[in-house]
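Peer 1: Generate a structure from the sequence data that follows.
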Amino acid sequence: MKAIGIIANPASGKDIRRLVSHATVVDNNEKVNIVKRIILSAQGCGVKKIYIMPDTFLIGYKAIQDLKISKELKIDVEILKMNIKGNVTDTIKATKIMEEKGVKCIVVLGGDGTNRAVAKSITTTPLIGVSTGTNNVYPEMLEGTVVGMAAGAIATGVSNIDESCKREKRIEIYKAGQLVDIALVDCVISKQKYVGSKAIWNMEDIDMVIVARGHPASIGFSTIVGTSLIVGKDEDFGALIRVNSGSNRIKAPIAAGTIQELTVDEPKVLKLGESVQFKPNYNGIMALDGEREVPFKIGEHFQSKVTRNGPYRVRVDKTLEIAQKNGFFKT
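Peer 2: Numbers count the residues shown, from 1 in each chain. This is a model prediction of the structure:
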């Protein structure tokens, strides 16, 4: 079946970092427009069926209604039949349903947190992350039309998945030997004790940062590593750095428009699968891809490692290059 899925998170880009930085706002009306462009482009490139996650802003419904009124919609676009709670569980559930329905590609509109939620339940379905969040290291700034073309190339089989997709890295967090959560970009270990607002902010409470990728041209906590050591998304290693210790003074772009001075140790390279043991002498919380998720207490035993068990990511440029060579754009 030449089908794709679309997950558009109405809550992406609305955390505390919007209040304390100068990040670009992608409002929900613009997300509706992006979804419309993806639908029309995918339709024009051979996709026959599209499933969309329901949400509290009715992004999918509005996109469908507008395209029906303009008489541009020619294929079947269906809103998934599922009860929604208005939180991250909607994204996780929608991903599972889309895979069960056999979609060939899932397009995600959101930030690092939304893509992480998809990655928690996705198995082998290729993923395209479109940046509409606050800190966007994992998803890319992509035009909806181009996204629809790439999704169409994957769904129709014109672009070979083995060549056009790449298995991503992820950070795996274990407690007492059991996998408890993952991150696609970074895990920040903090001495803050409460979840509060999801986004972590106080730099003086940070103890350690573990990254699957880190580059000075990004923003967010992964740049605390990236300003000292570049960890490419395709390189087979991760890294760890201690914060508020050591003797190295750095400045890092930890949020949009925010350059923070920090004291750090030298970063340590982590081989894929290399275990990092963590048995804290304080109560605190782990922030995964910028959101506080895993609280811990003194003496609890945690383990983390960077692996290649992340989602299959569509390399959009490569996908369309392969499609072009295979005559995808000829009529």
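Peer 1: Against Lys193, how distant is Gly284?
Peer 2: 6 Å (C-beta to C-beta, to the nearest Å). Placement of C-beta: from N, CA and C, glycine included.
Peer 1: host element of Ser304?
Peer 2: strand 302-307 (DSSP states H and E).
Peer 1: Ile254 too?
Peer 2: Assigned by DSSP H and E, Ile254 belongs to strand 237-255.
Peer 1: and that strand, what other elements does it pack with?
Peer 2: strand 206-211, helix 223-226, strand 258-264, strand 268-271 (3 or more C-beta pairs under 8 Å, 6 or more residues apart in numbering; DSSP states H and E).
Peer 1: want to try CSV for these, with mean neighbour count and mean pLDDT as columns?
Peer 2: What follows is the helices and strands packed on strand 237-255, written out as CSV (neighbours: other C-beta atoms under 10 Å; pLDDT from 0 to 100):
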stretch, mean neighbour count, mean pLDDT
strand 206-211, 24, 97
helix 223-226, 27, 97
strand 258-264, 15, 94
strand 268-271, 15, 98
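Peer 1: could these be laid out in TSV, adding distance to Lys36?
Peer 2: Listed next are the helices and strands packed on strand 237-255 as TSV, based on distance: least, C-beta to C-beta, whole Å:
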stretch	distance to Lys36
strand 206-211	35
helix 223-226	34
strand 258-264	33
strand 268-271	42
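Peer 1: what's near enough to touch the nearest residue to Lys62 once chain neighbours are set aside?
Peer 2: Sequence neighbours aside, Val32 is the residue nearest to Lys62 in space, at 4.8 Å (criterion: C-beta to C-beta, 6 or more residues apart in numbering). When contacts are counted by C-beta atoms under 8 Å, 6 or more residues apart in numbering, Val32 touches 59, 62-63, 66.
Peer 1: Nearest to Arg167 among the residues you listed?
Peer 2: Ile59 (29.1 Å; C-beta to C-beta).
Peer 1: okay but that closest one is in contact with Asp27, surely?
Peer 2: No - if you go by C-beta atoms under 8 Å, Ile59 and Asp27 don't touch, sitting 11.0 Å apart.
Peer 1: Show me which of the two is the more surrounded one.
Peer 2: For Ile59 versus Asp27, neighbours defined as other C-beta atoms under 10 Å are more numerous around Ile59 (27 against 13).
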